[in-house]
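**Q** Pasting the sequence and the predicted model now:
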Amino acid sequence: MIKSAHFFPISILLTVLLLSCTGRGSAVKDEPHTIKAAPQLEKAESTTPIDHDYIRPYVIQHKLAFNIEFNGLVESGIDNKLLTLNSRNEFCYLNLEEPTAPRLEVITPGFPGKDGWGGEIFSDAENRVAWVVRGRGVYFIDLDTKKTGEVNLGIYGNVRHVLLADKERLLFLFIVFSVEICLQFAYELSTGTYYDEVGSAPNAVYNTLGNDRILIEISTQKDARYSGWYLTDSFLTNIKVGKGTVFPGGDPLTKTLTNNNVHAINRMRKLLHQKKRLLFAWSYIERTDLTRVLVHWSEDLQDVNIYPIPHIMDTGKIFHSGPSHFSADGDWLHGTRIDDTSGFRKTERIVYHLQDHYPGGISLPVSLGYTNDDPDPGAFMNHSKLGPCFVEDVGGGKLLLFELNDALEILKRQEGGRGEESELKQ
């Protein structure tokens, strides 16, 4: 018998959250900050009025030769370092150990720059691997060993999905759209083995659940609100395409996700954290109302919990574009909130703290202030002196560094002084 999922009503969670959030709208003066290693670094002054607590960043001016054709920075999973590409298209670390003296450290001289310009960089910082997608080419690097590899798919088409299917083998799965069908390919970085067109793949959302386990959501063609979940191996060998509806497997996780009408958010950055066993997704509760949910499960997949998150529901002209990725340690979630109420669009960057003592395991959002409409211009990073941070590249030779310990202080104030019992810990 399959254990029932625990699906917590929104009304109960909302009541708990409101009781824990007194004083959210009050303006609190920022206390001064100092950095022993770089005392001349100062917090930015407020340039745009904002009606609630938010983190003021340190401003880092630099003259580094970033390649503007690549999209921002990605997390590396290594203290003080983000991953980027320099003007020669080489994999590099952006080292922020001394925030006032950022420097680029080339990891792979000449790679993948020999193939020219263009493309986009991604990482799976939880497993310390990264890759660049350039149309029909994919270029990989294992950040632990610095081993690299590349695949060019020739005439098949542009790459749609890339994910690390098995960390032990460094096996990557990628899905390619070719005319009206999807083709599946794989590449094993540890041995340099390329698996050419190993099968057809459903047009679906793919997430790695663990070594040699892929979690797939396939929507029905008749109604996008309905879908089935499936658990298979790295080569999708149990998926049957073109033979009717693909039904979920026999495990409690996929059955619970299907029965509660949960939908993954299709992004290239990760919204599933393997070690913490978390999935951020959508759900049509009672098949009508769309809300965001955080899904938790046990290691054996037997205990599955789905928590609605009422404080990130869209209301009127204030809506959330959706969180985009977890931090490598699974303690933080990044997203944006958009406000159209004043007649012009304002985009606010927000972060959430993920710990068990919050209702549903997720805190209220903490603002990083207003930003541009780019949903992913920065990345999480752990700093050896400042602790957890978020770094945003705003262009013009300027980086913004947000100390997330400030977010914990804001959350403490939102707790309304409930005492040591509710003290937030990292």
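**A** Nice, I can see it. Computed from a predicted model, the values in this text were never measured in an experiment. Numbering: from 1, shown residues only.

**Q** Strands of the stretch 151-300 of the chain, start to end?
**A** Chain-ordered strands for the stretch 151-300 of the chain, with DSSP state E, counting those that start in this stretch as the definition, fall at 159-166, 171-178, 181-188, 193-200, 205-210, 213-219, 227-232, 262-264, 272-273, 278-285, 289-297.

**Q** Spit out the contact partners of residue 277.
**A** 296, 297, 298, 299 (Cβ atoms under 8 Å, 6 or more residues apart in numbering). (Glycine included, C-beta is placed from N, CA and C.)

**Q** The strands of the stretch 151-300 of the chain: which one's closest to residue 309?
**A** Checking these against residue 309 by Cβ to Cβ gives strand 289-297 as the closest, at 4.8 Å.

**Q** Just the mean pLDDT for whatever helix or strand comes next after that closest one, thanks.
**A** Remark: after strand 289-297, the chain's next helix or strand is strand 304-308, criterion DSSP states H and E. Regarding strand 304-308, the rounded mean pLDDT is 91.

**Q** Redo the strands of the stretch 151-300 of the chain as JSON lines? Include distance to residue 325.
**A** As requested, these are exported to JSON lines (distance: least, Cβ to Cβ, whole Å):
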{"stretch": "strand 159-166", "distance to residue 325": "13"}
{"stretch": "strand 171-178", "distance to residue 325": "18"}
{"stretch": "strand 181-188", "distance to residue 325": "23"}
{"stretch": "strand 193-200", "distance to residue 325": "27"}
{"stretch": "strand 205-210", "distance to residue 325": "12"}
{"stretch": "strand 213-219", "distance to residue 325": "17"}
{"stretch": "strand 227-232", "distance to residue 325": "21"}
{"stretch": "strand 262-264", "distance to residue 325": "13"}
{"stretch": "strand 272-273", "distance to residue 325": "10"}
{"stretch": "strand 278-285", "distance to residue 325": "9"}
{"stretch": "strand 289-297", "distance to residue 325": "14"}
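
**Q** Dump these into a markdown table; add mean neighbour count and distance to residue 127 as well.
**A** Shown next, in a markdown table, are the strands of the stretch 151-300 of the chain (neighbours: other Cβ atoms under 10 Å; distance: least, Cβ to Cβ, whole Å):
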| stretch | mean neighbour count | distance to residue 127 |
| --- | --- | --- |
| strand 159-166 | 22 | 6 |
| strand 171-178 | 20 | 11 |
| strand 181-188 | 20 | 15 |
| strand 193-200 | 14 | 19 |
| strand 205-210 | 20 | 9 |
| strand 213-219 | 21 | 14 |
| strand 227-232 | 21 | 19 |
| strand 262-264 | 22 | 19 |
| strand 272-273 | 22 | 11 |
| strand 278-285 | 20 | 15 |
| strand 289-297 | 19 | 19 |
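
**Q** which stretch in the ones you listed has the least confidence?
**A** strand 193-200 (a mean of 72).

**Q** Which single one of the contacts of residue 277 is nearest to residue 349?
**A** Nearest to residue 349, judged by Cβ to Cβ, of the contacts of residue 277 is residue 296 at 25.4 Å.

**Q** Residues in a beta bridge with the closest residue to that closest one other than its chain neighbours, which ones?
**A** Spatial nearest neighbour of residue 296, excluding adjacent residues (Cβ to Cβ, 6 or more residues apart in numbering): residue 305 at 4.6 Å. Applying DSSP bridges to residue 305 yields these beta-bridge partners: residue 6, residue 296.

**Q** any idea how far residue 338 lies from residue 352?
**A** Going from residue 338 to residue 352 by Cβ to Cβ, to the nearest Å gives 16 Å.

**Q** higher neighbour count, the two?
**A** residue 352 (25 against 16; other Cβ atoms under 10 Å).

**Q** hang on, that one in a strand?
**A** Yes: using DSSP: H, G, I helix; E, B strand; the rest coil, the assignment for residue 352 is a strand.

**Q** Need the nearest residue in space to it, chain neighbours excluded.
**A** Closest residue to residue 352 apart from its sequence neighbours, by Cβ to Cβ, 6+ apart: residue 333 at 4.3 Å.

**Q** Distance of the spatially closest residue to residue 126 that is not a sequence neighbour relative to residue 334?
**A** Of all residues not flanking residue 126 in the chain, residue 328 sits nearest, at 5.0 Å (Cβ to Cβ, 6+ apart). Residue 328 sits 12 Å away from residue 334 when distances are taken as Cβ to Cβ.

**Q** Please report how far the residue nearest to residue 296 lies from residue 357.
**A** Distance of residue 305 to residue 357, computed by Cβ to Cβ: 15 Å.
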